[in-house]
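Undergrad: any chance you could fold what I've pasted below:
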Amino acid sequence: MATQSCLAGVLVFTATGATAYETPTHDQISGLAAERSSLDVTLRESLGLSRGLSEVVLRQRLDTWLREGSVKEDRIARYLNHFHNPTVESWLGAGYFGNVGQSAILWGQNPDQEVPSWSWLNVRQYYLDALTARRKGDRDQALADTFEGLGRLIHLIQDVASPARRGPRLPT
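TA: Next up is the predicted model:
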């Protein structure tokens with residue numbers, strides 16, 4: 001038992017700190033996730049978008065909208081809502097320093113984030129609008145918003161998966 005305690009102490013005092021993902025990393029991870037998922041095939045076969053993730057909507061490819069969303073999520077003060085402490089009793093206090101920012105899990109579901117809201121609820125509405133809006137311009141805008149929103153939500157998942165989410169880093 002003493003050997004195990006000694007080993008644990010050595011590991012604690014010699015461990016190096018993990019760092020949070022930087023902006024280019026979010027871009028790369030999001031791009032790879034989209035590329036390796038079934039999304040491209042789904043866009044082609046189920047939605048009739050012949051170019052899949054390469055489909056250009058509002059002068060930009062869908063995969064670019066997604067990657068751009070994952071980068072934009074760190075802008076302004078949004079990054080204060082990218083933390084989650086699972087050890088607290090109430091998730092209302094699970095954000096950065098308890099109450100400076102909202103828990104990333106709650107933030108991603110909060111339709112009252114700001115305007116426009118990139119919550120899961122709102123991104124689902126953008127997707128519905130992309131499928132059902134009467135005008136092509138409205139459908140295109142909604143599809144671009146859907147992919148930007150997915151990128152922003154993917155960013156939150158990436159952040160809470162990073163062990164360094166105990167304190168904020170300033171956006172680059």
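Undergrad: in the chain, which helix or strand is least confident?
TA: When the helices and strands of the chain are compared on mean pLDDT, DSSP states H and E, helix 2-14 comes out lowest with a mean of 40.
Undergrad: and the next element down the chain from that helix?
TA: Scanning forward in sequence from helix 2-14 by DSSP states H and E, the next helix or strand is helix 23-36.
Undergrad: what's in contact with that following helix?
TA: Contact partners of helix 23-36, identified using Cβ atoms under 8 Å, 6 or more residues apart in numbering, comprise 21, 40, 53, 63, 66-67, 69-71, 73-74, 151, 154-155, 158, 171-172. Bear in mind the C-beta positions are built from the backbone N, C-alpha and C, glycine included.
Undergrad: among the residues you listed, which ones are buried?
TA: If you count burial by 16 or more other Cβ atoms under 10 Å, the buried members of the contacts of helix 23-36 come out as 21, 40, 53, 63, 66-67, 69-71, 73-74, 151, 154-155, 158.
Undergrad: need the max-distance pair from these.
TA: For the buried ones among the contacts of helix 23-36, with distances taken as Cβ to Cβ, the pair at the greatest spread is 40 and 74 (25.8 Å).
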